[in-house]
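Chemist: Return atomic coordinates for the entry below.
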Amino acid sequence: MLDAVLSRKNASVKTKLTVKSLVSFALIVLAVALPQLVHLAAGSAGGVKWLPMYLPVLIGGCLLGFRWGLAVGVLSPVVSYLVTLGTGTPMPAAIRLPYMIVELAVFAAVSGAFGRRIAKNSWMAFPAVLIAAVSGRVAFLTVAAVFTAVSPLSVQTVWAQIQTGLLGLVLQAVLVPFIVMALSKVLNRNNNESDRA
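Modeler: The predicted model follows:
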């Protein structure tokens, strides 16, 4: 979506790269900060229930498209882990990190695959987020099943986490599209104003 807005404004390649880099950076910072806030407010179980890191990743996919969204999805848990490692309780935990990288990569890639459709019709953020959420959770469960012999997380544990996070996922499936639609309206309004100028 963001690429389409920048293209309509005839932004240079350098400007596009700068804007996408800044938006990606902001989303990764948000993906690191939100879990910290949720853990402060709701304890360690709050992360599994509300899935705070997923929100900026889903927004990133919808706004930035497949490639940039994928980068946000992969980097968010890695950066969060590295930033919080010094606290003695890294988030996500080391045993959960590979799973989150895969899961969030799928979230971002699938929602990002809808980027052009969302640029044309921001309502497409609803199916984008819903399909991304289901795909990401299926990927999480599949990785646990495939690597069950060497995995620190059993399929039963992963399934329990998926069930625990269902409310958070449903909330995000509603919240993220409305955020994306609001951003689309603001970006397109600014674009229409610059066209009239």
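
Chemist: Point me to the residue sitting closest to the centre of the chain.
Modeler: Computing the C-alpha centroid of the chain and ranking residues by CA atoms, centre = their mean puts residue 57 first, at 1.2 Å.

Chemist: I'd say it and residue 76 touch.
Modeler: Yes. At 5.6 Å, residue 57 counts as touching residue 76 under the criterion of CB atoms under 8 Å. Quick note: C-beta positions are derived from backbone N, CA and C, even for glycine.

Chemist: okay, and the common contacts of those two?
Modeler: Residues touching both residue 57 and residue 76 (CB atoms under 8 Å, 6 or more residues apart in numbering): 27, 31, 104.

Chemist: Model confidence at residue 191, what's the number?
Modeler: The per-residue pLDDT reported for residue 191 equals 56.

Chemist: ok, now which ones touch the residue nearest to the centre of the chain?
Modeler: 27, 31, 69, 72-73, 76, 104, 107-108.

Chemist: what does residue 151 give?
Modeler: Here residue 151 is in contact with 143-144 (CB under 8 Å, 6+ apart).

Chemist: which one of the shared contacts of residue 57 and residue 76 is nearest residue 127?
Modeler: residue 104 (19.1 Å; CB to CB).

Chemist: Hmm, that closest one is touching residue 135, no?
Modeler: No. Applying CB under 8 Å, one finds residue 104 not in contact with residue 135, separated by 11.3 Å.

Chemist: Looking at these two, which is more packed in?
Modeler: residue 104 (33 against 17; other CB atoms under 10 Å).

Chemist: Near the closest residue to residue 53 other than its chain neighbours, how many other residues are there?
Modeler: Counting by CB to CB, 6 or more residues apart in numbering, residue 53 lies nearest to residue 31, which is 4.8 Å off, once chain neighbours are set aside. Residue 31 has 25 neighbours, counted by other CB under 10 Å.

Chemist: Can you tell me the element residue 170 falls in?
Modeler: Remark: residue 170 resides in helix 166-196, with elements defined by DSSP states H and E.

Chemist: Could you list every helix and strand in contact with that helix?
Modeler: Judged by 3 or more CB pairs under 8 Å, 6 or more residues apart in numbering; DSSP states H and E, the packing partners of helix 166-196 are helix 2-8, helix 45-50, helix 54-84, helix 115-120, helix 125-146.

Chemist: By mean pLDDT, which helix or strand of the chain comes out lowest?
Modeler: Counting by mean pLDDT, DSSP states H and E, the chain has its least confident helix or strand at helix 166-196, which shows a mean of 85.

Chemist: can you give me the angle it makes with helix 54-84?
Modeler: Angle between the axes of helix 166-196 and helix 54-84 is 100 degrees (criterion: axes from the mean of the first three to the mean of the last three CA atoms, to 10 degrees).

Chemist: Now for the residue nearest to residue 68 when sequence neighbours are not counted: which residues touch it?
Modeler: Nearest residue to residue 68, sequence neighbours excluded (CB to CB, 6+ apart): residue 20, at 5.3 Å. Contacts for residue 20 (CB under 8 Å, 6+ apart) come out as 2-3, 64, 68.
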